[in-house]
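> A structural model of the following input is requested.
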Amino acid sequence: MHIFIMRHGEAELAQQNDRGRKLTDFGKQQSEKSGKWLQAFASKFDCALVSPYRRAEQTFEQVSKHIEVGQVLSSSDFVPSGNIRVAQDFVDYQVRENPDYESILIVSHMPFVSYFTDLLCHHPLSKIFATAAIIHLDYDVESSKGVLLGEYMPE
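Below is the predicted model:
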């Protein structure tokens, strides 16, 4: 099972309504570049798990110009302060319920993406995700363990 963990593209400066922050034009360009990079791995992803925050949704919109996604789920488990263990349970459940899944894309935020990567890999990689960066893991749902295969950071 391939899991791609992505941070949203560059967003507007912090404001009172963090949930509603939008991507900048540069953030849209970054996200589109990341979508092109993902296309090299698969033209179709089985599932995307996307944070309900606007900047993550807009990131996924840009990425999905280049890849097809079978099922798109929005979950508050994947927000900046989301519970990484609950999120892992959610991923494991999706994979067990859909044994034909080969690839999942997760679009979320810092610090969630860093902590989540560490949890899945069972040791601290302490990755600081740049905007629109992606980590590629080979994930075994039976052992609930991932192995880092690669990473991408748009210029």
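> From Ser34, how far off is the nearest residue to Gln39 once chain neighbours are set aside?
Spatial nearest neighbour of Gln39, chain neighbours left out: His66 (4.6 Å); criterion: CB to CB, 6 or more residues apart in numbering. Quick note: C-beta positions are derived from backbone N, CA and C, even for glycine. To Ser34, His66 is 9 Å away according to CB to CB, to the nearest Å.
> Those two: who's more crowded?
Between His66 and Ser34, counted using other CB atoms under 10 Å, Ser34 has the larger neighbour count: 27 against 17.
> can you tell me how far the closest residue to that one other than its chain neighbours sits from Gly9?
In space, and not counting its chain neighbours, Ser34 is closest to Ala132: 4.7 Å by CB to CB, 6+ apart. Distance, Ala132 to Gly9, by CB to CB: 4 Å.
> The residue nearest to Ser34 against Gly27, yeah?
Yes: counting by CB atoms under 8 Å, Ala132 does reach Gly27; the two are 7.0 Å apart.
> what about those two, which has more around it?
Ala132 (29 against 22).
> my guess is Gln88 contacts Phe116, does it?
Yes: Gln88 is within contact range of Phe116, at 7.4 Å (criterion: CB under 8 Å).
> ok, Cys121 touching Ser143?
No: assessed by CB under 8 Å, Cys121 is found out of contact with Ser143, at 11.5 Å.
> Okay, helices next: where are they in this structure?
Secondary structure of the chain (DSSP state H): helices at 25-39, 54-63, 84-97, 112-121.
> Single out the most deeply packed of these.
Mean neighbour count (mean count of other CB atoms under 10 Å) peaks for helix 54-63 among the helices of the chain, with a mean of 23.
> for stretch 73-86, how far is the first residue from the last?
Taking CA to CA, to the nearest Å, stretch 73-86 runs 15 Å from one end to the other.
> Local confidence estimate at the residue nearest to Ser34?
Note for Ala132: predicted pLDDT of 98.
> contacting residues around it?
Contacts for Ala132 were tallied using CB atoms under 8 Å, 6 or more residues apart in numbering; they are 6-10, 27, 30-31, 33-34, 59, 153-154.
> repeat that with 7 Å
By CB atoms under 7 Å, 6 or more residues apart in numbering, the contact set of Ala132 is 7, 9, 30-31, 34, 59, 154.
> Report how many residues lie close to the nearest residue to Val147 once chain neighbours are set aside.
In this structure, Val147 finds its nearest non-sequential neighbour in Asp138, 4.8 Å apart by CB to CB, 6+ apart. Residue neighbour count, defined by other CB under 10 Å, stands at 13 for Asp138.
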